[in-house]
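Chemist: need a 3D model of the following:
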Amino acid sequence: MENALPITSLPDDPRALKQIIVDLSRRCDERESRVADLQRERDELQVAKLRLEVELLRLKKWYYGPRADRLQTPGDAAQLLLEFACDLESRR
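Modeler: Predicted coordinates:
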């Protein structure tokens, strides 16, 4: 912890010790709250990412039809586009 007092420099006054404990407890509670907020935000972002992935899969299925089921990686989509370009080039 930053600003943590070494054991040798703790005051002898019980009130001062209680205040130190209260301050440390408050800091700990604030950090736990911040961690919970960050975890909640991470979970929300993960859900948003999954929704986008589902939407992308739906759009691939709509655009490419049955061939979309074979598109598992970005390389698969690139290969499909390359084949399309080759077919288009051969028609000229």
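Chemist: how far does the host helix or strand of Leu81 sit from its chain's centre?
Modeler: Assigned by DSSP states H and E, Leu81 belongs to helix 74-90. Centroid separation between helix 74-90 and its chain, computed with CA atoms, centre = their mean, to the nearest Å, is 33 Å.
Chemist: please begin residue numbering at 6 from this point
Modeler: Taking 6 as the first residue, the last one we looked at is helix 79-95.
Chemist: extract the C-alpha set from that helix and format it as CSV.
Modeler: What follows is helix 79-95, C-alpha atoms only, in CSV (Å, rounded to 0.1, in the frame of the first residue of the first chain):
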residue,chain,number,x,y,z
PRO,A,79,-11.0,-14.0,-41.7
GLY,A,80,-8.7,-16.0,-44.0
ASP,A,81,-11.7,-18.0,-45.3
ALA,A,82,-13.6,-14.8,-46.1
ALA,A,83,-10.5,-13.5,-47.9
GLN,A,84,-10.2,-16.7,-49.9
LEU,A,85,-13.8,-16.4,-50.9
LEU,A,86,-13.3,-12.8,-52.1
LEU,A,87,-10.1,-13.9,-54.0
GLU,A,88,-12.1,-16.6,-55.8
PHE,A,89,-14.8,-14.0,-56.6
ALA,A,90,-12.1,-11.6,-58.0
CYS,A,91,-10.6,-14.4,-60.1
ASP,A,92,-14.0,-15.4,-61.5
LEU,A,93,-14.7,-11.7,-62.3
GLU,A,94,-11.3,-11.3,-63.9
SER,A,95,-11.8,-14.4,-66.1
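Chemist: where does the protein dip in pLDDT?
Modeler: Flagging of the chain using pLDDT under 70 yields the residue ranges 6-12, 72-76, 97.
Chemist: hey, where'd the strands end up in it?
Modeler: All residues of the chain lie outside strands when identified by DSSP state E.
Chemist: just to revisit the earlier point, mind listing what's buried in the helix holding Leu86?
Modeler: Buried residues in helix 79-95, counted by 16 or more other CB atoms under 10 Å: Ala82, Leu85. From N, CA and C alone the C-beta is placed, and that goes for glycine too.
Chemist: what is that helix packed up against?
Modeler: Helices and strands touching helix 79-95, by 3 or more CB pairs under 8 Å, 6 or more residues apart in numbering; DSSP states H and E: there are none.
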